[in-house]
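A.B. asks: One predicted model, sequence on top.
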Amino acid sequence: MKKLLTACLLTASLSGFAVAQDNEAELVRQGQEVATAADCQACHTAPEGGKPFAGGYEIHSPMGTIYTTNITPSKQFGIGNYTEEQFTRAVREGVRPDGANLYPAMPYTSYSHMSDADMHALYVYFQQGVKPVEQPNTETALPFPFNMRIAMAGWNLMYLDSTPFKPDPTKSEQWNRGAYLVNGAGHCDTCHTPRNLMMGSVTDKPLAGGMVGPWYAPNISSDPVSGIGNWSQAQLVEYLKTGRTAGKNQAAGGMAEAVQNSLQYMSDTDLNAIAYYLKNSTPVRDPRDTQAADTFGKPVNVEDGLRGAHPFNANKTIDNGAALFSGYCASCHQPDGSGSKNQAYPSLFNNTATGLGNASNLISAILYGVDRQVGDHHVLMPKFGVGSYVGQLDDQQIADISNYVLKNYGNAGVQVSVQDVAVLRAGGPVTLLAKLQPFMAPAMIIGVIILLVLIFWLGRKRKVRKA
């Protein structure tokens, strides 16, 4: 009897242990789904052989280069010593365990809306489901005064909305799930909402588009002209899952990374929820837009204007946009700009990259190329900027190609200057705040001197009165 009781107790104990293991495994699985939706890997994994979540990815912000950190459970270099409370505070509030503030390149302004259940699952995943990598962090060293992380506390008071996501009872379950993903875990709003002088989100223009380094994250509100209102839900889902939709757009830059590391692995249910929410979001129209970006252009054969223009043995004839397009672009995008039959090389007309009022994505595609991996399909357009193995083009040449493409296949009302190319080659537009940076230290010193002189003068004045 005693042996039977012992066996029963042992069986019950093992059964409880198995249930606990099952629960932990389920939490790890759920946490991995949350990490995928939040696209943690894209920013916390260095390109070209970087180990997953080990950090070292360079984020080129207007204030300087920010290096992402090791978020593996390494106790020496990562987050292995974080308690769940410390982890949650870092993700939702942008505050490290040592009390230092994170920069909002980490999208905690969106993650602040994530649910407690998702935060718990995410913590379990990073502690139990991720392999620790013993790789030291590269220290972020922004110029003064941006290196004063304490200033982010004031920034957070102005721009951090830590209100938890609350479903709208007047909306459908699909709409609410999409809202949670777009404005919370998926942090689409971080890139696609414009920024003000202080780099805070312009909340009255949600999802209306904005620059992210040298790339332009376009308007993805429901407006049919400036946004994605003329896309079908199926087209949006196809784009999110594959990075391309014929006659619409192709993912490059940061969006290509999002598709490669995050969106392609999300469930169709979640992708449909995102698409549904975007289709039913608040429309934001740019008054300068007169027609949808994907409705511009038509086929124009570049060779018709080049044949017979020079003797067959002439040299230095690639000296204008048409000749440059013929030499560097037409072999893939076809002489008439229609792209390949399967659109692996996309058409340059009916293409938002050429039809937007902002030509940054066209220029940056030429400068930096396009590179994304979806399943076993690798999409590659070589870069023509620094280090190109095809042909390194200067700013004037890229401007000439861009203007030829815009005039014939895209928005002919947009003109690209040499300076436009130079700005994007240097990493993107510099905000006024960053432009003022060299003058901030002298201004602060002068301010301190004035304050000291004022204090001294007031002190002298009081002594004179007493006398």
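C.D. replies: Done, it's in.
A.B. asks: From the centroid of the chain, which residue is nearest?
C.D. replies: Closest residue to the average C-alpha location of the chain: residue 254 at 4.7 Å, with C-alpha atoms, centre = their mean.
A.B. asks: Could you measure from that one over to residue 263?
C.D. replies: Separation of residue 254 from residue 263 (C-beta to C-beta, to the nearest Å): 12 Å. Where C-beta positions appear, they are placed from N, C-alpha and C, glycine not excepted.
A.B. asks: mind showing which ranges of the stretch 51-200 of the chain have poor pLDDT?
C.D. replies: The stretch 51-200 of the chain contains no residues with pLDDT under 70.
A.B. asks: just so I have it, where are all the strands in it?
C.D. replies: Using DSSP state E, counting those that start in this stretch, the strands of the stretch 51-200 of the chain run over residues 58-61, 64-67.
A.B. asks: Help me confirm that the residue nearest to the centre of the chain comes into contact with residue 191.
C.D. replies: Yes. The pair residue 254 and residue 191 passes the contact test of C-beta atoms under 8 Å, sitting 6.5 Å apart.
A.B. asks: what do those two both touch?
C.D. replies: 212, 217 (C-beta atoms under 8 Å, 6 or more residues apart in numbering).
A.B. asks: Let me see the domain layout of this protein.
C.D. replies: 22-164, 302-426 (the TED database).
A.B. asks: okay, those in CSV with distance to residue 448 next?
C.D. replies: Formatted as CSV, the domains of the chain follow (distance: least, C-beta to C-beta, whole Å):
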stretch, distance to residue 448
domain 22-164, 13
domain 302-426, 33
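A.B. asks: Relative to residue 291, which of those domains is closest?
C.D. replies: Nearest to residue 291 among the domains of the chain is domain 302-426 (8.2 Å), distances taken as C-beta to C-beta.
A.B. asks: before we move on, back to that, which one, of the domains of the chain, ends up nearest to residue 211?
C.D. replies: domain 302-426 (6.8 Å).
A.B. asks: That closest one spans what distance, first to last residue?
C.D. replies: End-to-end span of domain 302-426 (C-alpha to C-alpha, to the nearest Å): 30 Å.
A.B. asks: got it, and stretch 87-104?
C.D. replies: 16 Å.
A.B. asks: Report the distance from stretch 397-414 to the chain centre.
C.D. replies: 26 Å (C-alpha atoms, centre = their mean, to the nearest Å).
A.B. asks: Dump it to CSV, restricted to CA.
C.D. replies: The C-alpha coordinates for stretch 397-414 follow below in CSV (Å, rounded to 0.1, in the frame of the first residue of the first chain):
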residue,chain,number,x,y,z
GLN,A,397,24.1,60.7,-62.7
ILE,A,398,21.6,59.5,-60.2
ALA,A,399,19.7,62.8,-60.4
ASP,A,400,19.7,62.5,-64.2
ILE,A,401,18.4,58.9,-64.1
SER,A,402,15.7,59.8,-61.5
ASN,A,403,14.5,62.7,-63.5
TYR,A,404,14.3,60.6,-66.7
VAL,A,405,12.3,58.0,-64.8
LEU,A,406,10.0,60.6,-63.2
LYS,A,407,9.3,62.4,-66.5
ASN,A,408,8.5,59.3,-68.5
TYR,A,409,7.2,56.7,-66.0
GLY,A,410,6.2,58.6,-62.8
ASN,A,411,5.2,61.9,-61.4
ALA,A,412,6.6,64.4,-63.9
GLY,A,413,5.9,67.2,-61.5
VAL,A,414,8.7,66.1,-59.2
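A.B. asks: quick revisit: format the strands of the stretch 51-200 of the chain as a markdown table; extra columns: distance to residue 362 and mean neighbour count.
C.D. replies: Compiled in a markdown table, the strands of the stretch 51-200 of the chain are given as follows (distance: least, C-beta to C-beta, whole Å; neighbours: other C-beta atoms under 10 Å):
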| stretch | distance to residue 362 | mean neighbour count |
| --- | --- | --- |
| strand 58-61 | 20 | 16 |
| strand 64-67 | 25 | 17 |
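A.B. asks: Now the residue nearest to the centre of the chain. Nearest residue, chain neighbours left out?
C.D. replies: Setting aside the residues directly before and after it, residue 254 is nearest to residue 212 in space (C-beta to C-beta, 6 or more residues apart in numbering), at 5.6 Å.
A.B. asks: Okay, that neighbour and residue 303: tell me how far apart.
C.D. replies: 36 Å.
A.B. asks: now do residue 271
C.D. replies: Distance of residue 271 to residue 303, given as C-beta to C-beta: 41 Å.
A.B. asks: for residue 406, same thing?
C.D. replies: For residue 406, the distance to residue 303 - C-beta to C-beta - is 19 Å.
A.B. asks: Looking at these two, which has the bigger crowd around it?
C.D. replies: The neighbour comparison of residue 406 against residue 303 (other C-beta atoms under 10 Å) goes to residue 406, with 24 against 11.
A.B. asks: Let me see the contact set for the more buried one.
C.D. replies: Taking C-beta under 8 Å, 6+ apart, we find residue 406 in contact with 354, 359, 362, 412, 414-416.
A.B. asks: ok, back up a step: dihedrals phi and psi, the residue nearest to residue 254?
C.D. replies: Main-chain torsions, residue 212, degrees, to the nearest 10: phi -130, psi 90.
A.B. asks: my read: it touches residue 253, true?
C.D. replies: Yes. Residue 212 is within contact range of residue 253, at 7.4 Å (criterion: C-beta under 8 Å).
A.B. asks: Looking at those two, which one has more neighbours?
C.D. replies: The residue with more neighbours, out of residue 212 and residue 253, is residue 253; 23 against 20, by other C-beta under 10 Å.
A.B. asks: ok, the closest residue to the more buried one other than its chain neighbours - contacts?
C.D. replies: Once flanking residues are discounted, residue 253 sits nearest to residue 215: 3.8 Å by C-beta to C-beta, 6+ apart. By C-beta under 8 Å, 6+ apart, the residues touching residue 215 are 252-255, 360-361, 364, 428.
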